[in-house]
Structures are given as structure tokens and as C-alpha cells.
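[1] Mind looking at a prediction? Sequence and model below.
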Amino acid sequence: MVRKVRLDHIGIAVSDLDAGSEFWRILGLSQSGEDESNHEQGVNIRFIATSGGKPPKLELLEPTGEDTPIGRFISRRGEGVQQLAFEVDDLESLLEELSAAGVALIDETPLSGAAGTRIAFVHPKSTGGVLVELLERE
């Protein structure tokens, strides 16, 4: 089966959205859309776009508390690249296929993501140590 898969964004864990945006602003990148909060994931989100606004984008992830996935990531590893996110056409079908192939999934069913997307995460032990987010636009 041939499926469309596209690198959508690179997630970067930061302690503060404004401070985390400063280098990217100086470099010439700009904020794409309004900041948003995902209370289910415990994170505040800001997307940063390259010139022309074409993907992939950077997604800055600020924890809303220390006991959130991003809060724990920063306390263990510090700020930095936290995940790669790929847009797919049929998230549920792909999750079923990955599970049947023995791929370790963090989420077996899609969750609500930023900008109205549905998301699911693949465990780093199945991806060579990289947290992979799969997303589908509704």
C-alpha cells in the first residue's frame, strides 16, 4: 500500500515560549498562527514557520507544569528536540497496521492535537530512539 506521509513539524521542548522563540525570530522565522493550549497534554504550543510559511514548521512546546510529558522531558533531558511529527492520510488504519507489525505505540487510538488535528505517538523503542507523532488533519 502506498500512503502519503509528510514531515509536518519538529517539536522542540522549551521552558518558555517567548524565550524559546527568540533565536528563531532573529534567524528570520515567524510565528504561524496564535498560541494554543492542549490541556490534555499539559502543554502550551507555538508554531514557527519558515519564509513562505511552507511546512515543515517548528512546534515550540512549553509545559504547563512539571508533571506533564514536556515538563518531565525537560527535567530529564533539558530543552531540545522532543519529537518528529508526520502527517498521514488515515491515522486509525496506520495505527492498526503498526500494531499488527509489533510496533510499540504510546497511543492506540487518536487523541486531540493542535490546530484541530488527531494525533498518536509511537514509542521511541520502535523508532531508533525518536519519539514520533503521527497526525491527521480533520
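    Perfect, I can see it now. Numbers count the residues shown, from 1 in each chain.
[2] mind listing the strands for this structure?
    Secondary structure of the chain (DSSP state E): strands at 5-13, 30-31, 36-38, 43-49, 57-63, 80-88, 111-112, 117-122, 132-137.
[3] Looking at the second one now, give me its mean pLDDT.
    Put plainly, it is strand 30-31. Strand 30-31 carries an average pLDDT of 92.
[4] partner strands of that strand, parallel or antiparallel?
    strand 43-49 (antiparallel) (DSSP bridges).
[5] and what of the fifth one?
    Sheet neighbours of strand 57-63, with direction, are listed as strand 5-13 (parallel), strand 43-49 (antiparallel) (DSSP bridges).
[6] among the strands of the chain, which is nearest residue 19?
    If you check each of those against residue 19 by CB to CB, strand 57-63 wins as the nearest, at 9.4 Å. (Each C-beta comes from the backbone N, C-alpha and C, glycine too.)
[7] what mean pLDDT does the closest one have?
    The average pLDDT within strand 57-63 is 97.
[8] Give me the contacts around that strand.
    8-17, 20-21, 24, 29, 32, 42-50, 69-71, 74, 82, 85, 114 (CB atoms under 8 Å, 6 or more residues apart in numbering).
[9] For residue 92, which non-adjacent residue is closest in space?
    residue 110 (6.7 Å; CB to CB, 6 or more residues apart in numbering).
[10] residues touching that neighbour, list them.
    Residue 110 touches 91, 92, 95, 118, 119, 120, 136, counting by CB under 8 Å, 6+ apart.
[11] Next up, the contacts around the nearest residue to residue 124 once chain neighbours are set aside.
    Once flanking residues are discounted, residue 124 sits nearest to residue 131: 5.1 Å by CB to CB, 6+ apart. By CB under 8 Å, 6+ apart, the contact set of residue 131 is 82, 83, 84, 121, 122, 123, 124.
[12] Could I get the pLDDT score of residue 109?
    95.
[13] my guess is it meets residue 118, correct?
    No - Residue 109 is not in contact with residue 118 according to CB atoms under 8 Å; the separation is 9.3 Å.
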